[in-house]
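Enquirer: make a model of this:
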Amino acid sequence: MTSPSQPICGSPPIHDAAAPSFQCVIPIRWSDQDVNGHVNNARVVTLMEEARIRWLNEHAVVEGVENFTAPKVIASLNVEYLKPIVHGLELTVEMAISRIGFRSFTISYTASQGSHTVFQGSTVVVPFDSNAGKARLLAPSETNYLNKYLTSPHMDDRS
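Expert: Residues are numbered from 1 along each chain as shown. From the prediction side, this is the model:
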């Protein structure tokens, strides 16, 4: 079993080579459970955050894109809980980009334990300029990196 401080992450496509995704195996901690014996719904959001940080703040840097370590805010969060997540089994979080705008992008998540999809979700991520106190434009290096994981050839002109 993987220790909590050592998630296993990588970028091979999982389902379809035409739609690459980034996957991260996140160990479930004992403390993630609630009194019902499954992972608390609020902890799922934290697990999504951990996977997203591994992808953008670590993997992207290894790929030469350091801009994602700068502040980002989540403008929208959606989670559809499909099955209980239990302690003792690894959680595999698969992420891809479903939309790229000028000042934001959307990450789609699919998480599984064993052969079961346990949740699906999405976050709208906004790179943030702390000095200006507002969203900043995505840098070309960021857009190029995100395009590698884009599930459909769609860029839009909204935020």
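Enquirer: C-alpha only now, for contacts and for neighbours.
Expert: Noted.
Enquirer: need the pLDDT of the spatially most central residue of the chain.
Expert: Compute the mean C-alpha point of the chain, and by Cα atoms, centre = their mean the closest residue is residue 52, 3.4 Å away. pLDDT, residue 52: 96.
Enquirer: what residues does it make contact with?
Expert: Neighbouring residues of residue 52 by Cα atoms under 8 Å, 6 or more residues apart in numbering: residue 95.
Enquirer: just the element for it, please.
Expert: Taking DSSP states H and E as the criterion, the element that holds residue 52 is helix 41-53.
Enquirer: show the subsequent helix or strand relative to that helix.
Expert: Using DSSP H and E, the helix or strand that follows helix 41-53 in sequence is helix 60-62.
Enquirer: got the buried residues for that following helix?
Expert: Of the residues in helix 60-62, residue 60 count as buried by neighbour count, 16 or more other Cα atoms under 10 Å.
Enquirer: who's in contact with that helix?
Expert: Outside of helix 60-62, the residues that reach it under the criterion Cα under 8 Å, 6+ apart are 66, 68, 69, 145.
Enquirer: what about residue 80, neighbour count?
Expert: Counted with other Cα atoms under 10 Å, residues neighbouring residue 80 total 11.
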